[in-house]
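1. one predicted model, sequence on top.
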Protein chains: 2
Amino acid sequence: MMQIADTAGLRKHVEELRRSGKRIGVVPTMGALHEGHLSLVRIARERSNIVIMTIFVNPMQFVPTEDFAAYPRDLQRDAALAESAGADILFVPSDTEVYPQPYHTYVNVEQITTVLEGKSRPTHFRGVTTVVVKLLNMTTPHVAVFGQKDAQQAVVIRQMAKDLNFPVEIVVGPIVREADGLAMSSRNTYLSTEERAQSTVLSRSIQRAEELIRGGERQSSVVIGEMKTMISAQSLAKIDYLSIAEYATLGELRGLAPGLTVLVSIAVRFGKTRLIDNTIVTVP
Amino acid sequence: MMQIADTAGLRKHVEELRRSGKRIGVVPTMGALHEGHLSLVRIARERSNIVIMTIFVNPMQFVPTEDFAAYPRDLQRDAALAESAGADILFVPSDTEVYPQPYHTYVNVEQITTVLEGKSRPTHFRGVTTVVVKLLNMTTPHVAVFGQKDAQQAVVIRQMAKDLNFPVEIVVGPIVREADGLAMSSRNTYLSTEERAQSTVLSRSIQRAEELIRGGERQSSVVIGEMKTMISAQSLAKIDYLSIAEYATLGELRGLAPGLTVLVSIAVRFGKTRLIDNTIVTVP
């Protein structure tokens, strides 16, 4: 695996690979890699000849109150994991490489970024879409792979890539979970033992919602009510949001009409740690 | 010259050209072509093997009160001119091809878009940078050529391309003028005979400003004052702005320090027609 820090060097290398007919896949990450990220590398491998993993803890997508400084960074460990999963190139640019001053440009997706995560984390998605545009232009991939755990992010990036005519296929890999159901996240390491034990309520309540909808429940309020009861039973859990939205528009739903594809998503805080989970269900 | 209306068809064709080692140049226009546009095609020809001219009257860059509906459109004439100047491909997408619904994404350059044209035409530059990102992704050029008449646009596009790491060289071609000095513009056709006669005051006052600065004048207010006097002498002219700004930042200047590169720019209305002109001078 080749490790590159400068954009010009990366571009030169990728241009040669493209000219020789190689298909390029990219997996953008913020490092602190876990099995979820590695599954995306494997998906990229299946769909391309050369897999680039990018590691960049993007300051622009952290809201001022968030954990940018504390975000886990361990490049040596990440590099070993990326290589083990089959990455060919590890691109690790510095902050000044990504945002040389003066910097003035922002890519903003409207409407679908003002709900859910975007409501709790204003300017977050602007940071995500801006850095993804930059990383797409730096790596010029044929395919880019993102994780379903960040469900809204995947929807926003797909919309952005379509709206801006990026010549890239956006692929979304399924959520990878711990044995007890907790969705893998770099932020899981923040949890205390007790918080970690209670955190399974996210996946359990998501699963329960899916059962209810598949079982014929047609009222969002009933499903949300059951999820709320389950989460409230955990002493350390604080609900940020519980949502049942139309997947296509991310608009909140009251009635669940047959045939509709819905995104059930939740955000729950345990102390300073904010966890998210989701599932996509088609109403029977 | 090949004429293409759909993005998928264009992309397929350009991909083949790129694979065969051709260097691609693009000249984005809104049609209503004049010698200024054609000079940009010739510049693109010198720097690439295949020149794509795009013609798209971009609704997003017109402010609601502006002339989107009235903007001159004559594809047959434009196609003949583009071909005569040496364009290989004419890309003429429809509104629905460029902005299929739902559409949510905007590219915004901050700070340098809030002054001069951006002050008089809010949301204009957001429309420009968004469509330019789209056209760059549609045409995937090695070089893109813009005109110096839209001086601020050139600065904004350069900054955007740099900030977002577009793998493209941005080239800016010099202003092309009528015999009497008026900068060529698709909007010049709106002028009445009397307005047309008075409109030479733009280039004359720009030229006078350049003479004063090259002659040693160090006070912006003196230069601006002379320009204002010249323009006010024209009965039909209404000044929108007169500006002497630092070229690098577009920040307005009071003192003109030796070695500084400055942008002298003006916008003047004749009836409903708004004309602009500019020059770049390095203070001696």
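-> Looks like it came in fine.

2. for residue A:96, see how far away the closest residue to residue A:10 other than its chain neighbours is.
-> In space, and not counting its chain neighbours, residue A:10 is closest to residue A:4: 4.7 Å by C-beta to C-beta, 6 or more residues apart in numbering or on different chains. Where C-beta positions appear, they are placed from N, C-alpha and C, glycine not excepted. Distance, residue A:4 to residue A:96, by C-beta to C-beta, to the nearest Å: 16 Å.

3. tell me which of the two has more neighbours.
-> residue A:4 (19 against 8; other C-beta atoms under 10 Å in any protein chain shown).

4. got the phi and psi for that one?
-> The phi/psi pair for residue A:4 (degrees, to the nearest 10) reads phi -130, psi 140.

5. name whatever forms a beta bridge with it.
-> For residue A:4, the beta-bridge partners under DSSP bridges are residue A:91.

6. ok, now which ones touch it?
-> Neighbour list for residue A:4: A:10, A:13, A:89-92 [criterion: C-beta atoms under 8 Å, 6 or more residues apart in numbering or on different chains].

7. in what element of secondary structure is residue A:276 found?
-> If you go by DSSP states H and E, residue A:276 is part of strand A:273-282.

8. determine which two of the contacts of residue A:4 are furthest apart.
-> Of all pairs drawn from the contacts of residue A:4, the widest gap by C-beta to C-beta lies between A:13 and A:92 and measures 14.1 Å.

9. could you check the pLDDT of the residue lying closest to residue A:194 once chain neighbours are set aside?
-> Distance criterion C-beta to C-beta, 6+ apart; nearest residue to residue A:194, sequence neighbours excluded, is residue A:236 at 6.5 Å. Per-residue pLDDT puts residue A:236 at 98.

10. neighbours around residue A:236, how many?
-> 17.

11. what sits against it?
-> A:194-195, A:198, A:270-271.

12. among the residues you listed, which are located in strands?
-> residue A:270 (DSSP state E).

13. helices of the stretch 151-284 of chain A, residue ranges please.
-> A:151-163, A:193-198, A:201-214, A:220-232 (DSSP state H, counting those that start in this stretch).

14. check the stretch 1-150 of chain A too.
-> Counting by DSSP H, counting those that start in this stretch, the stretch 1-150 of chain A has helices at residues A:7-19, A:35-47, A:75-85, A:95-98, A:117-120, A:124-139.

15. so which of these is the most surrounded?
-> helix A:124-139 (a mean of 24; mean count of other C-beta atoms under 10 Å in any protein chain shown).

16. tilt between that one and helix B:151-163?
-> Helix A:124-139 and helix B:151-163 meet at an angle of 80 degrees, taking axes from the mean of the first three to the mean of the last three C-alpha atoms, to 10 degrees as the criterion.

17. tell me the angle of helix A:124-139 relative to helix A:7-19?
-> 60 degrees.

18. and helix A:124-139, does that touch chain B?
-> Yes - residues of helix A:124-139 contacting chain B under C-beta under 8 Å from any C-beta of the partner chain: A:129-130, A:133-134, A:137-138.

19. for residue A:188, find the nearest of the helices of the stretch 1-150 of chain A.
-> helix A:35-47 (10.3 Å).

20. surely residue A:2 touches residue A:14?
-> No - contact criterion C-beta atoms under 8 Å: residue A:2 and residue A:14 do not qualify, at 10.9 Å.

21. residue A:1 is in contact with residue A:88, isn't it?
-> Yes - Residue A:1 is within contact range of residue A:88, at 6.2 Å (criterion: C-beta under 8 Å).

22. more neighbours: which of those two?
-> Neighbours were counted for residue A:1 and for residue A:88 using other C-beta under 10 Å; residue A:88 has more, 21 against 15.

23. now do the same contact list for that one.
-> Neighbours of residue A:88 in contact, by C-beta under 8 Å, 6+ apart: A:1-2, A:50-52.

24. point out the residues in the stretch 151-284 of chain A that sit beside chain B.
-> Neighbours of chain B within the stretch 151-284 of chain A, by C-beta under 8 Å from any C-beta: A:159-160, A:163-167, A:249.

25. give me the residue from the stretch 151-284 of chain A nearest chain B.
-> As assessed by C-beta to the nearest C-beta, chain B sits closest to residue A:163 within the stretch 151-284 of chain A, at 3.5 Å.

26. could you give the number of residues near that residue?
-> As a burial measure, residue A:163 scores 23 neighbours (other C-beta under 10 Å).

27. and the closest residue to it other than its chain neighbours, how many neighbours does it have?
-> Among residues not flanking residue A:163 along the chain, residue B:105 sits closest, at 3.5 Å (C-beta to C-beta, 6+ apart). Residues contacting residue B:105 under the criterion other C-beta under 10 Å number 21.
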